[in-house]
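[1] Show me the folded form of this:
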Amino acid sequence: MKISKFSPTEIAKILKGFESGKSLDSIVREYGVSKVTFYKLRKRYGDMEASELKKVKKLEEENVKLKRMYTELALELGMAKYFIEKSSNALCHARACR
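    Numbering: from 1, shown residues only. Next up, the predicted model:
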């Protein structure tokens, strides 16, 4: 997941500025955010306060870490199964050859 260059407080300022009546063009210039990014932020964090945004960001970061940990463990399990199967097959062949 791409890390946002805007902090939760900045996102809240951007969205509150628009709600208070600032034009989209002035927000784009002031914060250096594209119109597409603004609409994505608005869609995702529209009704949240800064504290709620911080919690959401923290949970998203934790979710990314957990997904990464799960992927690594799944790969390790797959490799372990492969090597166990391979070694058991080799053992069977060795016993059959005697």
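
[2] For the rest of this, base every contact and every neighbour count on C-alpha atoms.
    Will do.

[3] Need the single longest helix in this protein, by residues.
    Counting residues, the longest helix found in the chain (DSSP state H) is helix 50-97.

[4] packing partners for that one?
    Here helix 50-97 touches helix 8-19, going by 3 or more CA pairs under 8 Å, 6 or more residues apart in numbering; DSSP states H and E.

[5] following the helix it packs on, which helix or strand comes up?
    helix 24-31 (DSSP states H and E).

[6] Which residues in that following helix does the neighbour count mark as buried?
    Going by neighbour count (16 or more other CA atoms under 10 Å), the buried part of helix 24-31 is 24, 27.

[7] Following the chain past it, name the next helix or strand.
    helix 35-45.

[8] Residue 22 - how many residues pack around it?
    For residue 22, the neighbour count with other CA atoms under 10 Å is 13.

[9] if I look at it, how far off is residue 13?
    Distance, residue 22 to residue 13, by CA to CA, to the nearest Å: 11 Å.

[10] One more: residue 47?
    12 Å.

[11] Neighbour count: these two, which is higher?
    residue 13 (16 against 12).

[12] Send me stretch 50-58 as CSV with only the CA atoms.
    What follows is stretch 50-58, C-alpha atoms only, in CSV (Å, rounded to 0.1, in the frame of the first residue of the first chain):
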residue,chain,number,x,y,z
ALA,A,50,-8.5,14.4,12.7
SER,A,51,-8.5,12.0,15.7
GLU,A,52,-10.6,9.5,13.8
LEU,A,53,-8.3,9.8,10.8
LYS,A,54,-5.3,9.1,13.0
LYS,A,55,-6.9,5.9,14.3
VAL,A,56,-7.8,4.8,10.8
LYS,A,57,-4.3,5.4,9.6
LYS,A,58,-2.8,3.5,12.5
